[in-house]
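# Okay, structure incoming, though there's no sequence with it:
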């Protein structure tokens, strides 16, 4: 299963993802769900640490870019974050649940077309941390994929 | 010494800062220097993990806001990040060194004046991760301080 493979890759190669107990829970037709427990990611106010929240959105969106690279059968792609904008709208008071949207068909086609012609392309990926149906963290990250 | 007190506070109350081995190294007239080793904060490419880099800028700028709160003798301030913009300009290939600028006198005076009248104010804080005199990560965070 692809999410098990990706989780194994990041836990093995990016030690902080294992220390923060990040888990890839589900990948459905629309989104990737990732989680991390509050206890290890807590701050001085008893809510989730902003650094952990941003790390989870960054790596979840990275996993989405990696998933697309696998879907496109890219060999040994290099995927790096270029920039991000993150809004912390309300505190996260329970275990962290992050929703990362799969880019739509048009965005995926544009990405693949650019990679095929230039061996490099960027894509904007959207992750949200949601609690009780309310958005707590809203993240947009731009990732560069090179082959 | 104030940076020892702040480091002790975050290591005790924000476990991820201890796990990533974040250290407050120096606070001079212009900036706060924070560090973290590459080994625990590495990614799949052998450079620093974007989530760690963003965590270090987020907590370093938070520490700056906390330092200003102590300087202003605010009692039990609540300091939270509201939003940030981060650019990842080049990879970090060695141990991470983060420079967080002390806001200038005018910005500090505006902050204190708003807190004194409204018990709440926001301030923009600038952190950069620099390697070999080149900026690798450029971060602006907006923090809200409430008393």
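Great, that's in hand. Every value quoted in this text rests on a predicted model; they were computed, and no experiment measured them.

# got the contact list for the most centrally placed residue in chain A?
Centroid-nearest residue in chain A: residue A:60, 1.5 Å away (criterion: Cα atoms, centre = their mean). Residue A:60 is in contact with A:32, A:34, A:98, A:100, A:127, counting by Cβ atoms under 8 Å, 6 or more residues apart in numbering or on different chains. Using the backbone N, CA and C atoms, a C-beta is placed for each residue, glycine as well.

# Tell me if I'm right that the fourth one and residue A:34 touch.
I take that to be residue A:100. Yes - between residue A:100 and residue A:34 there is a contact under Cβ atoms under 8 Å: 6.9 Å.

# Quickly list what's touching both of the two.
The contact sets of residue A:100 and residue A:34 overlap at A:60, A:63 (Cβ under 8 Å, 6+ apart).

# State the mean pLDDT of the longest helix anywhere in chain A.
Assignment by DSSP state H gives helix A:50-71 as the longest helix of chain A. For helix A:50-71, the mean per-residue pLDDT is 97.

# Same question for stretch A:81-91.
For stretch A:81-91, the per-residue pLDDT averages 98.

# Go through it and flag the buried ones.
Buried residues in stretch A:81-91, defined by neighbour count with 16 or more other Cβ atoms under 10 Å in any protein chain shown: A:81-84, A:86-88, A:91.

# of all those, which two lie farthest apart?
A:82 and A:91 (28.2 Å; Cβ to Cβ).

# what sits against residue A:69?
A:77, A:79, A:145.

# Repeat that for residue A:26.
By Cβ under 8 Å, 6+ apart, residue A:26 lies in contact with A:3, A:32-33.

# What about those, which one has the most neighbours?
For those, the largest number of neighbours (other Cβ atoms under 10 Å in any protein chain shown) sits with residue A:32, at 24 neighbours.

# Can you tell me the number of residues neighbouring the residue nearest to that residue when sequence neighbours are not counted?
Leaving out its chain neighbours, the residue that sits closest to residue A:32 by Cβ to Cβ, 6 or more residues apart in numbering or on different chains is residue A:100, at 4.4 Å. Neighbourhood size, residue A:100 [other Cβ under 10 Å]: 28.

# for residue A:119, same thing?
12.

# repeat for residue A:41
Residue A:41: 27 surrounding residues under other Cβ under 10 Å.

# so it sits right up against residue A:20, yeah?
Yes - the criterion here is Cβ under 8 Å, and residue A:41 meets it with residue A:20 at 5.8 Å.

# any residues in contact with both of the two?
What both residue A:41 and residue A:20 touch, as defined by Cβ under 8 Å, 6+ apart, is the set A:52, B:16.

# Could I get the pLDDT score of the nearest residue to residue A:29 once chain neighbours are set aside?
Once flanking residues are discounted, residue A:29 sits nearest to residue A:102: 7.5 Å by Cβ to Cβ, 6+ apart. For residue A:102, the pLDDT comes out at 98.

# cool, and residue A:39?
Note for residue A:39: predicted pLDDT of 97.

# can you list the residues of chain A near chain B?
Within chain A, the positions near chain B by Cβ under 8 Å from any Cβ of the partner chain are A:9-10, A:13-17, A:19-20, A:40-45, A:49-52, A:54-56, A:58-59, A:62, A:78, A:80-88, A:91.

# List only buried entries from those.
Buried by 16+ other Cβ under 10 Å: A:10, A:14-17, A:19-20, A:41-43, A:49-52, A:54-56, A:58-59, A:62, A:80-84, A:86-88, A:91, out of the residues of chain A next to chain B.

# ok so, going back, just give me the least confident of the contacts of residue A:26.
On pLDDT alone, residue A:3 ranks lowest of these, at 92.

# And the next helix or strand past the one helix or strand that one maps to?
Counting by DSSP states H and E, the element that carries residue A:3 is helix A:2-13. Using DSSP H and E, the helix or strand that follows helix A:2-13 towards the C-terminus is helix A:15-19.

# who does the next helix or strand after that following helix pair up with?
Per DSSP H and E, helix A:15-19 leads on to strand A:23-27 as the next helix or strand towards the C-terminus. The strands beside strand A:23-27 in its sheet (DSSP bridges) come out as strand A:31-36 (antiparallel).

# Stretch A:69-77: end-to-end distance?
Stretch A:69-77 stretches 7 Å from its first residue to its last (Cα to Cα, to the nearest Å).
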